[in-house]
Structure formats: structure tokens, C-alpha cells
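Asker: got a sequence here, can you build the structure:
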Amino acid sequence: MSVARVLVVEDEELMRTIVRQILTDAGFEVYSADSAETAMSVIALNEIDVVLTDIKMSGADGLRLLEQIKDHSQEIAVIVMTAFSSVDTAVDALRKGAYDYITKPFVNEYLVQAIRNAAERSDLTRQNRRLRSEVKNRYELSEIIGTSEQMRELVRMVKKVADTTATVLINGETGTGKELIARALHYISGRSGMPILAVNCGAITESLLESELFGHVKGAFTGAMTDNKGLFRSANGGTLFLDEIAEMPLHLQVKLLRALQEKEVTPVGSVHAYSTDVRIIAATNRDLETEVSAGRFREDLFYRLNVIQLTVPPLRERRDDIPVLAKHFANGTPIASDALKTLSAYDWPGNVRELENCVERAKVLSSGSITTDDLPPSLTLSERSSGISSDTLEDVERAHITKILKQVNDDKAVAAAILGIDLSTLYRKIKRYGS
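Answerer: Residues are numbered from 1 along each chain as shown. Next up, the predicted model:
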């Protein structure tokens, strides 16, 4: 991220000078204005990332300026300054689209951190806009590669439900491409102009997940130096992708269910609820009905998420797609027919992600054309399964994790990278399976 450009709007010259100096010393590129009218002129001539404005000013106040800025651009993050006695006004500003608020007198470090957070948010929003056409092309249906009947049916369903508001639950084994389907749903929908944000429910701690989803207010817990909007509010108007939803703790499932039912969220440490307009797409590699029966997942939340169910088939059930995918990942590097045959015969417990990693490795080792000798020794025709396997998904996953750990001499960081999961997720699966 380049140096953030901050506009300070304050009609008191002394306060304006002090704030400008604090932010300049912190490394920001700082502009200033003494009125809402001047501020809009500065915004019209410069690409501003963050506006820090006082609420009470002569002429148009900070709330009116906030409205003008939002009409001009949704990419500029606005932070309002107010006296402690006017916190209710600041909360009103948050409801109208302000990113954050600061009470006077403020601690310099809090102010600087709030500006940094807002600048990061502005930068992400701006990148989303600049790359929208490229990203949309990337995640349109043409990126869902496969000619098998299962994939054609999946694409048909994606087209059918993309432009609805229905919650979608995507089932599929690890590595099948569930997030790709989620992003396709978003980018061909009417929400494509707004952000799609994702969180892996199994990759972060329970307390951080609650804050990540619903936000928190300053002082809600140790280290909460500024307010955090959370993903629900940050994705407002867009899509929130909840990956590994089965890993969500039960008490957070209750709060998620309420957010879905009431279409509002309450940040950690706050009593104020904020309305949200977010399309939820959840994904899991586990059977949620089994999890419900085992008491690990709430039945009411399952039905709330399972309005539309999409299933991404594993590679072993659509072997005709393996050569097509392999050639796509090879990106122009020829693949010998014997190598394609070997790739097509393997069961791919890690699915598309494992196939992609395998082809990338083979490209590095090849001498211009990928042959069977460039493939891992485990990919041999003799390993092709015959008949119908009685292995469960957990059996396959446990065996695959054990195999990868053995191949990398129990280096869990390397194994997690190969498996395409977070290290914390790997540790959790090792504990669960006793690998």
C-alpha cells in the first residue's frame, strides 16, 4: 500500500494544525480544510483515502459532509471527531456510513491507529473497484473448468441461483473448489459491484472469530484500541463467504443465526445493533446433518444455511475432467499421454488443489514436456482404485494428511501449505484424527 492520503476537516485552526502535525509525523500525506465546502473541493482534485472530520462546524456540519462524500465515492473512509458528550451523534454517523469515530480529547496513538485501519479499508475497497473487471472475468463461470455431467449440472445451478438473495450451502471435499463456486455466485450476481469477503471459521481462535464477524467497540477486550466494524458490516451490500462453517463454535452459531434472522449485528462490547444487507454463502467438507445429529452443529442454523445446497463433486467422480484441469494448470507446457493417463487414474484425495500442486511440481521438474517420470511416485496406475470404496470422507482425509506428513518428515508448516489449509486447521485435524 502506498502512503495514505488523509484530509483533515476542522474549522478551528489550532486543532486543525495539531491534528495535521500528528498525522504528518505518523507518515501520512495530509491535506486540510476548514469547511465542508473546501473539503469537497480537495476531494474533487485529489484521490483521498481517509477523511477525518469534526462533526460540529460552522456551515455544513460533519454529518452533511459525510453524506456528500458518500454520494461522491464509497471508497473514501470517513472518521468523525466529536466531544465525548456527543457520542450518540457519532453513532448516528456510523449508521450513515462513517467508518469510525474518535472522541475528543483523544490519545494520539488511538487516532493514528484509527487512520491506519481506515486507510487499509479504503485501499481494499479501491483495489476491489480497480480490479473488478479482471476479477469478474477470473471468477465467471468460464473459470469453473470441467465438461463432466456433474460439473455441467453444477454450473447450471450456479447460474440459476446466483442472482437471488437465498443463502447457499456448498458441500464438497477439501480442495474441490468450493470458494471458486462461491466467488462465481457473487461475481455473476447483482452484488458484483460490492465486496465479497471471506473468513475461514476454523483458522482463527474463537474470540477473534466473533470480533472478525460482528466487530467490536474500543475497550471491549484487551488490545481493542479502536472500533472494528467486522465482516458483516464491511461486506454490506455484498457477499460474506463462511468457509469451514462446521468448525464454528456452538455459542457463535447462536449469534450467527440471530444475525441471519434479524439482518443485524451487535459488535462485541456494544449494545447498538446495526442493520446489514449481506448474502451468506457457507461451505463445509463435512456432513452437517451428521454434525447436527452429533450435537456439534445447531439444527436451526443448518436449515437457515441450507436454503440452496450445491455439491462440488470430487475428482475421482469426474475423471474425464482431470486431463482438462491438468492442461489448464500446465499453462502451455505439454503433458505426455502416459502422464495424462497416470493423472487420470489417481483418486486425488486432495482433489483440484492437489492436482494443481502436482502439475506445478511436474512443470518445475520437466524438461520441456511433463512425463510420468516428473510425477510423484505415488501416482502410479497400480494405485488406481477398483470397485466401490467403503472409505468415508474422514478416512480419506485422515489417510491423506498422514501421507503428506510422512512425505515432509512431519514438517507441519510445509504439510499445511501442500494441503492448502491453515496451520491451525492442520493441528486441529491432527488432534481430531490422531494422525
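
Asker: can you pull out the helices in the stretch 51-200 of the chain?
Answerer: Using DSSP state H, counting those that start in this stretch, the helices found in the stretch 51-200 of the chain span residues 62-72, 87-95, 108-130, 132-139, 149-161, 178-187.

Asker: looking at those, which is nearest to L23?
Answerer: helix 108-130 (6.4 Å; C-beta to C-beta). C-beta here means a position set from N, CA and C on the backbone, and glycine is covered the same way.

Asker: buried stuff in that closest one?
Answerer: Neighbour-count burial for helix 108-130 flags 111-112, 114-119, 121-123, 125-126, 128 (criterion: 16 or more other C-beta atoms under 10 Å).

Asker: now do the strands in the stretch 201-350 of the chain.
Answerer: Along the stretch 201-350 of the chain, counting by DSSP state E, counting those that start in this stretch, strands occupy 239-243, 264-265, 274-275, 279-284, 308-311.

Asker: quick one, what contacts P314?
Answerer: If a contact means C-beta atoms under 8 Å, 6 or more residues apart in numbering, then P314 has 172-173, 176, 348, 351 as its contacts.

Asker: which one of the helices of the stretch 51-200 of the chain lies nearest to A26?
Answerer: If you check each of those against A26 by C-beta to C-beta, helix 108-130 wins as the nearest, at 4.6 Å.

Asker: I'd like to know which elements that closest one is packed against.
Answerer: Here helix 108-130 touches helix 13-25, strand 50-54, strand 77-83, strand 100-104, going by 3 or more C-beta pairs under 8 Å, 6 or more residues apart in numbering; DSSP states H and E.

Asker: what does that helix contact?
Answerer: Among residues not part of helix 108-130, those counted as contacts by C-beta under 8 Å, 6+ apart are 1, 4, 6, 19, 22-23, 26, 28, 49-50, 52, 74-79, 99-100, 102, 135, 195, 218, 225-228, 234.

Asker: next, the angle from it to strand 77-83.
Answerer: Regarding helix 108-130 and strand 77-83, their directions subtend 150 degrees when assessed with axes from the mean of the first three to the mean of the last three C-alpha atoms, to 10 degrees.

Asker: dump helix 108-130 to PDB, restricted to CA.
Answerer: Output of helix 108-130 as PDB, limited to C-alpha atoms (Å, rounded to 0.1, in the frame of the first residue of the first chain):
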ATOM      1  CA  ASN A 108      -2.600  10.400  19.700                       C
ATOM      2  CA  GLU A 109      -1.800   6.700  19.200                       C
ATOM      3  CA  TYR A 110      -5.500   5.800  19.000                       C
ATOM      4  CA  LEU A 111      -6.000   8.500  16.400                       C
ATOM      5  CA  VAL A 112      -3.100   7.200  14.300                       C
ATOM      6  CA  GLN A 113      -4.200   3.600  14.500                       C
ATOM      7  CA  ALA A 114      -7.800   4.500  13.600                       C
ATOM      8  CA  ILE A 115      -6.500   6.300  10.500                       C
ATOM      9  CA  ARG A 116      -4.300   3.400   9.500                       C
ATOM     10  CA  ASN A 117      -7.200   1.000   9.800                       C
ATOM     11  CA  ALA A 118      -9.400   3.200   7.800                       C
ATOM     12  CA  ALA A 119      -6.700   3.700   5.100                       C
ATOM     13  CA  GLU A 120      -6.300  -0.100   4.800                       C
ATOM     14  CA  ARG A 121     -10.100  -0.400   4.400                       C
ATOM     15  CA  SER A 122     -10.100   2.300   1.700                       C
ATOM     16  CA  ASP A 123      -7.200   0.700  -0.100                       C
ATOM     17  CA  LEU A 124      -9.000  -2.700  -0.200                       C
ATOM     18  CA  THR A 125     -12.200  -1.100  -1.500                       C
ATOM     19  CA  ARG A 126     -10.300   0.900  -4.200                       C
ATOM     20  CA  GLN A 127      -8.500  -2.300  -5.200                       C
ATOM     21  CA  ASN A 128     -11.800  -4.100  -5.400                       C
ATOM     22  CA  ARG A 129     -13.100  -1.400  -7.800                       C
ATOM     23  CA  ARG A 130      -9.900  -1.200  -9.900                       C
END
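
Asker: let me know the angle separating it from strand 100-104.
Answerer: 160 degrees.

Asker: among the contacts of helix 108-130, the buried ones, what's the PyMOL command?
Answerer: Applying 16+ other C-beta under 10 Å to the contacts of helix 108-130, the buried members can be selected in PyMOL as follows:
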select buried, resi 4+6+19+22+23+26+28+49+50+52+74+75+76+77+78+79+99+100+102+135+195+218+226+227+228+234
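
Asker: pick out the residue nearest the middle of the chain.
Answerer: A198 (1.9 Å; C-alpha atoms, centre = their mean).

Asker: picking that back up, now the contacts of P314 as CSV including pLDDT, distance to K341 and neighbour count?
Answerer: Converted to CSV, the contacts of P314 look like this (pLDDT from 0 to 100; distance: C-beta to C-beta, whole Å; neighbours: other C-beta atoms under 10 Å):
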residue, pLDDT, distance to K341, neighbour count
G172, 95, 26, 21
E173, 93, 23, 24
T176, 94, 22, 25
W348, 92, 14, 23
N351, 94, 19, 24
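
Asker: now do the contacts for the residue nearest to the centre of the chain.
Answerer: Counted by C-beta under 8 Å, 6+ apart, A198 has contacts 179, 182, 240-243.
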